[in-house]
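[1] I'd like to go over a predicted model; first the sequence, then the structure.
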Amino acid sequence: RGLVVTSGVLNYTQSGGIVTIGAKNASAARAAFEVLNTGSKFVMSNGTLIIANHFSTSAPFDLDLEANTATVTGGTIQFGLATVTPNPTLFYFNSSNTLNNLTLESTTNSQAIQQIQALHLMGSLTIGGATSYYNANGLDLYIGGNLINNNTNATNGLNVGGYQAQVVSQNTIFNGTGDQAITGSGSNRTNFANLQIAPASGHTATLSGGSSNITVNGTLTLTSGTLNDGGRAIYLLGNVVNNAVHTSANPTVGGITFIGTVNQVIGGSGSGVFANIEINNSGNGVNMTQNTTINGQCKFTNGYLYINGYALKLGANATTTGTFNTSNLILLNGVSSDKGVTKIFPSGAATFTFPIGDNGKYTPCTFNFASNSNTGAAIKVIPVNNIHPSVNPSNYTNYLNYYWSVSTTGFSSSYNVTHSYTYLPTDVQGNPTHIEQYNNSTSQWSTVGGTISSPTFSFTTTSILDGSFTIGDAFNNLPLLTSKQSGNWSDPNTWDLVT
């Protein structure tokens, strides 16, 4: 169309080959390449369309694709041409049409800035050169293929490196129909604002490329499929919403590291699964707002994991590490209604310490299996910051104002295990000399043979796992009553004593 009128259309079809738009002596009234207006058409199934030079920083920019009808099934749009484009050159573009691959040419360190609206890519975004960058300009970007970042910058920030979101409200969404990858180069860093991983069910988005890591400055959302960290770090300043699965290629390297400057949150559907995580957010801690499973290493460097009234499940291969104390621990409310921490134990010899506590107390417990014939059996622990409710302290001289409620599933075959529980001496009344187990099924107390060595008590057994465990005198059992008629709770005639 002409340069004066705004009417006119272009019907463009490319099924292969290379088309180069040089933009030499071009008018700023038009983009170097544009398809727009009613009746316009853009069809691309293969080949490469190259925008070789930049000339306009404002509309209609260097590339303006707003075709009335667009059918894109393949092909690549490339900004920059070796030996032609000045090094570096920043290209401005706008597209309301879905594109396939978008490439920033490497030898010219070409750069691009997205304009006006969100962009949808069926294929991959390739940031080719050592100083090339893609500026999302605060606009959302959907990627159906891969993100390849060859910019060598390794710093954190929204406006540095090869991928620049600019503002923390920007969203980058990986929503491919197959496997996807976020690939870095060397030890560079790819920065995101909000990152959403949403490949089709059964497919994986994987971090790859050298020792490259990524930083998420806002929220990390796992919507579907699997996020495989590839043994690389995902540094997270915001929250994570997990409705899917995170896996780690290495049991002790890589994973999601919480580094926020305020308290961070793990949310989601309640079915989210994590592999390696690390809490290193200057003691600000991480709060769970949904049930969560961790199958990898849970590392406490500087901060706690507060599970509140939600259930935390640790898989058979899950481990915990760090310097544990009242600031670095799995934190509960210290009440019997907590859902607790569950650990799945492998068969054979195994040891696991629950690094738990509540209300400024670190009260871990350890289960050391010398042998275990059961596979997939699990132990759940709830620490309770009070004397057991069936013990009247006015009736006893020696007791502990604390107990651990333990329940299990799957231990139907033989085992040999040593329990160890660590308490605070300030919770001790008198001089307890008995390890006491409250049977949750029969509501009966019994004394367990073992050792009390302040601030720990322990015992070895081949038959005792479930119950509430504490120390004190030999506690008497409360009478068992059954209701015999309707009536007031406090009326003795409502009850019969079970003998």
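    Received the coordinates, thanks.

[2] any idea how far Ala311 is from Pro355?
    17 Å (C-beta to C-beta, to the nearest Å). Quick note: C-beta positions are derived from backbone N, CA and C, even for glycine.

[3] who has more neighbours, the two?
    Pro355 (24 against 17; other C-beta atoms under 10 Å).

[4] what does the more buried one show for phi and psi?
    Here is the backbone geometry of Pro355 (degrees, to the nearest 10): phi -80, psi 70.

[5] for it, which non-adjacent residue is closest in space?
    Phe324 (4.6 Å; C-beta to C-beta, 6 or more residues apart in numbering).

[6] are we agreed that the one you found is in a strand?
    No - going by DSSP: H, G, I helix; E, B strand; the rest coil, the assignment for Phe324 is coil, not a strand.

[7] show me what contacts it?
    For Phe324, the contact set (C-beta atoms under 8 Å, 6 or more residues apart in numbering) comprises 300, 355, 362, 364.

[8] same question for Val406.
    379-381, 465-469.

[9] coming back round to it: filter the contacts of Phe324 down to just the ones in helices.
    Judged by DSSP state H, the contacts of Phe324 include no members of helices.

[10] can you say which of the contacts of Val406 are buried?
    379-381, 465-469 (16 or more other C-beta atoms under 10 Å).

[11] show me which of those residues is closest to Val43.
    Taking C-beta to C-beta as the measure, Val43 sits nearest to Lys380 out of the buried ones among the contacts of Val406, at 59.4 Å.

[12] which pLDDT value goes with the nearest residue to that closest one once chain neighbours are set aside?
    Spatial nearest neighbour of Lys380, chain neighbours left out: Thr342 (4.2 Å); criterion: C-beta to C-beta, 6+ apart. As predicted, Thr342 sits at a pLDDT of 98.

[13] isn't Thr342 right next to Gly376, touching?
    No - between Thr342 and Gly376 there is no contact under C-beta atoms under 8 Å: 11.9 Å.

[14] higher neighbour count, these two?
    Using other C-beta under 10 Å, the more surrounded residue of Thr342 and Gly376 is Thr342, with 20 against 12.

[15] tell me who's in contact with that one.
    311-314, 378-381.

[16] sort out for me which of the residues you listed are in strands.
    312-314, 378-381 (DSSP state E).

[17] low-confidence ranges in this protein?
    1-2, 4, 23, 28, 499 (pLDDT under 70).

[18] apply 50 and report the result again.
    Applying pLDDT under 50 to the chain flags no residue at all.

[19] ok, back up a step: neighbour-wise, which of the contacts of Phe324 leads?
    Result: Pro355 is most packed of those (other C-beta under 10 Å), 24 neighbours.

[20] that one against Ser327, yeah?
    No - under the criterion of C-beta under 8 Å, Pro355 is not in contact with Ser327, lying 11.6 Å apart.

[21] measure Leu207 to Cys298 for me?
    Leu207 is 20 Å from Cys298, by C-beta to C-beta.

[22] what about the closest residue in space to Ser390 that isn't next to it in sequence, how many neighbours?
    Spatial nearest neighbour of Ser390, chain neighbours left out: Leu478 (5.4 Å); criterion: C-beta to C-beta, 6+ apart. Leu478 sits with 13 neighbouring residues when counted by other C-beta under 10 Å.

[23] how far away is Leu478 from Trp489?
    16 Å.

[24] please enumerate residues in contact with the helix or strand hosting Trp445?
    Using DSSP states H and E, Trp445 maps to strand 444-448. Contact with strand 444-448 is made by 390, 434-439, 459, 461, 464, 469, 474-477, as judged by C-beta under 8 Å, 6+ apart.
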